[in-house]
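In: sharing a sequence plus its predicted fold:
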Amino acid sequence: MAAVSLNNVVKKFGTMSVVHGASLEVADGEFVVFVGPSGCGKSTLLRMIAGLEDISAGEIVIGGRVVNDVEPAERGIAMVFQSYALYPHMTVEQNLSFGLRMNGNDKADTQRRVSRAADILRISELMHRRPRQLSGGQRQRVAIGRAIVRNPQVFLFDEPLSNLDAELRVQMRVEIARLHKELGVTMIYVTHDQTEAMTLADKIVVLRAGNIEQIGRPLDLYDDPNNQFVAGFVGSPRMNFMAGTVVENSSSVVTVKLANQGGALLRKPLGGPLPAIGAAVVLGVRPEHFGLAGRGDSDITVKVDVAEHLGSTSYVYANAGGGEELVIEREESRHEASLDRMTVSLRATHTYLFDSAGLRLR
C-alpha cells in the first residue's frame, strides 16, 4: 500500500492546458474518486498518475517516491480500464496469469496469486472459460483480477463500469467496495456517475475544466458545497436553482425575492458579509428539502409537468416559471404528485445561497 501526492501538476497538449496545477493528497489505503463532466481532465489526471501521460509541470509522489520519470511498470500501480482488454484466445486463468508469466514470475507463486484473485472475486468456476463465454460483469471481474495478481501499491480505475447495464453496475459497485474493504489498498477511481462517487468514495475530488473545485467526503460535499457548480454536480437528482434578488440586508439576515415564484420572499441568515441590496443571487434547494405547504418559511406554487412514482418515493418535475425547472421529492405522496399544480414550502436552513459568480454565500 502507498499514499499518493500530486503537487501542482500541470498537463499541456501543445499550447492547450488541460490540467491547471492540481494538488491532492491520497492517504494510504484511501478510496478517492475523481468526478466531473466530460472533458474536465479527470482521466488525464489518472493517466498521469499511471505514467501513461507525461506531466508538463509539477510532481507526482507514490509511496514517498517521486515518479515523474519512472516507467509505468515500475510505479507499483495496476490500472483497470473502461474496456476489459482481455485476450480473447486465452482462458480466464491464462488472462490472469499472463502478465506474471511474461515477467518470469515463479510458477508456484503465480498460481497462488491467481487462485487468491479468483477466490476474492468469486470467479474460480470460470477459470477455463474464454472471454466470449462470459457476461459483462464476469469480464470486468477478470479485468480487476488481472490487476489484483500484481499486488500493486495503488489501484487505478478509469470508468470501469460504464459499459455495464444498470443492474450489473449496482452489483459491481458492491464488488469493488467489498474488494477495497478486503484488500485495504489505495484506490483512485474515475467516474462521471454520481451514485458511484457517493457510494464508493472515502473522499471525492470534483473537477471542472482542469481545475479542482472541491475535495471532501461525499456527504460533506453534498451538505456543504463551496460553489454552485459543486452543489449542482454532486447529488442525484441535482440541486434545484432559483433566481432571486436581495431586497433587504440587515442584522446578518438577507431577504431574497424569488424572481419566478410570484415575488415570494425568503429571509436567510448569513454568517459572512451580506450581499448588497439589488444584488442578483441564486437560491439552491435539494429535491428532498421542499416541505409541505405552510410548514416552512416561505411557500411557492409550481406547475406539475411529470410525476415519477418509484414506490415509497415520487419525483415531481415542475415548472416554476421563467424557464426554471424544479425536481421535488415526495415520500408516499402519490395523490399530491398527481396534481396539476402544487404548493411547497422552503425552509431557510435547508437552502443555499450563491452570488452571481456562483460562489457560496455563508
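Out: Looks like it came in fine.
In: what's the weakest-modelled helix or strand in this structure?
Out: Lowest by mean pLDDT, DSSP states H and E among the helices and strands of the chain is helix 334-337, with a mean of 59.
In: quick check: next helix or strand after that helix?
Out: Next helix or strand after helix 334-337 toward the C-terminus (DSSP states H and E): strand 341-346.
In: in its sheet, what does the helix or strand following that following strand sit against?
Out: Once the chain leaves strand 341-346, the next helix or strand it forms, by DSSP H and E, is strand 351-354. Partners of strand 351-354 in the sheet, by DSSP bridges, are strand 280-285 (antiparallel), strand 360-361 (antiparallel).
In: wait, residue 159 touches residue 192, no?
Out: Yes. At 7.3 Å, residue 159 counts as touching residue 192 under the criterion of C-beta atoms under 8 Å. Every C-beta, even on glycine, is put in place using the N, C-alpha and C of the backbone.
In: secondary structure class for residue 299?
Out: strand (DSSP: H, G, I helix; E, B strand; the rest coil).
In: who's in contact with it?
Out: Taking C-beta atoms under 8 Å, 6 or more residues apart in numbering, we find residue 299 in contact with 264, 293, 343-346.
In: so who does the residue nearest to residue 289 when sequence neighbours are not counted touch?
Out: Computed as C-beta to C-beta, 6 or more residues apart in numbering, the closest residue to residue 289 that is not its neighbour in sequence is residue 350, at 4.0 Å. By C-beta under 8 Å, 6+ apart, the residues touching residue 350 are 285-286, 289.
In: the same query, at a cut-off of 10 Å, please.
Out: 284-286, 288-291, 296-297 (C-beta atoms under 10 Å, 6 or more residues apart in numbering).
In: now, the most widely separated pair of the contacts of residue 299?
Out: Largest separation among the contacts of residue 299 by C-beta to C-beta: 264 and 293, giving 12.1 Å.
In: these two - which one has more neighbours?
Out: The neighbour count for residue 264 versus residue 293, taken as other C-beta atoms under 10 Å, is higher for residue 264 (17 against 14).
In: can you redo the strands paired with strand 351-354 as JSON lines with mean neighbour count and mean pLDDT?
Out: JSON lines is the format used below for the strands paired with strand 351-354 (neighbours: other C-beta atoms under 10 Å; pLDDT from 0 to 100):
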{"stretch": "strand 280-285", "mean neighbour count": "19", "mean pLDDT": "98"}
{"stretch": "strand 360-361", "mean neighbour count": "18", "mean pLDDT": "98"}
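In: and of those strands, who's closest to residue 230?
Out: Closest to residue 230 of the strands paired with strand 351-354, according to C-beta to C-beta: strand 360-361, at 8.7 Å.
In: that closest one: how far from the chain's middle?
Out: 22 Å (C-alpha atoms, centre = their mean, to the nearest Å).
In: of all the contacts of residue 299, which comes closest to residue 87?
Out: Among those, and counting by C-beta to C-beta, the member closest to residue 87 is residue 344, at 56.1 Å.
In: show me the contacts for the closest one.
Out: Residue 344 makes contact with 285, 289-293, 295-296, 298-302, 316, 318, 326, 328, 330, 336, according to C-beta under 10 Å, 6+ apart.
In: against residue 302, how distant is it?
Out: From residue 344 across to residue 302, the span is 7 Å (C-beta to C-beta, to the nearest Å).
In: between these two, what contacts are shared?
Out: By C-beta under 10 Å, 6+ apart, the residues touching both residue 344 and residue 302 are 290, 316, 318, 326, 328.
In: per-residue confidence for the last one?
Out: The per-residue pLDDT reported for residue 328 equals 95.
In: quick one: contacts for the closest residue to it other than its chain neighbours?
Out: Using C-beta to C-beta, 6+ apart and skipping residues adjacent in sequence, the residue nearest residue 328 is residue 316, 4.3 Å away. Neighbour list for residue 316: 287, 290, 302, 304-309, 326-330, 333, 336-339, 342, 344 [criterion: C-beta under 10 Å, 6+ apart].
In: measure residue 316 to residue 92 for me?
Out: 47 Å.
In: if the residue nearest to residue 328 is in a bridge, with which residues?
Out: Counting by DSSP bridges, residue 316 is bridged to residue 307, residue 328.
In: ditto for the one 5 residues further on
Out: Counting by DSSP bridges, residue 321 forms beta bridges with residue 324.
In: look up phi and psi at residue 35.
Out: Backbone torsions for residue 35, taken as degrees, to the nearest 10, come to phi -130, psi 150.
In: packing partners for the longest helix anywhere in the chain?
Out: If you go by DSSP state H, the chain has its longest helix at helix 166-183. Under the contact definition 3 or more C-beta pairs under 10 Å, 6 or more residues apart in numbering; DSSP states H and E, helix 166-183 sits against strand 31-35, helix 107-121, helix 136-148, strand 154-158, strand 186-191, helix 194-200.
In: direction included, what does the host helix or strand of residue 23 pair up with?
Out: For residue 23, the host element (DSSP H and E) is strand 16-26. Here strand 16-26 is paired, per DSSP bridges, with strand 4-13 (antiparallel).
In: could you give the separation of the strand it pairs with from the chain centroid?
Out: Relative to its parent chain, strand 4-13 has a centroid offset of 20 Å by C-alpha atoms, centre = their mean.
In: just the angle for the strand holding residue 23 relative to strand 154-158, thanks.
Out: 140 degrees (axes from the mean of the first three to the mean of the last three C-alpha atoms, to 10 degrees).
In: centre of the chain to strand 16-26, how far?
Out: 17 Å.
In: and what of stretch 268-287?
Out: 26 Å.
In: quick one: buried residues of it?
Out: 268, 274-275, 279, 281-287 (16 or more other C-beta atoms under 10 Å).
In: what is the nearest of the residues you listed to residue 127?
Out: residue 287 (46.1 Å).
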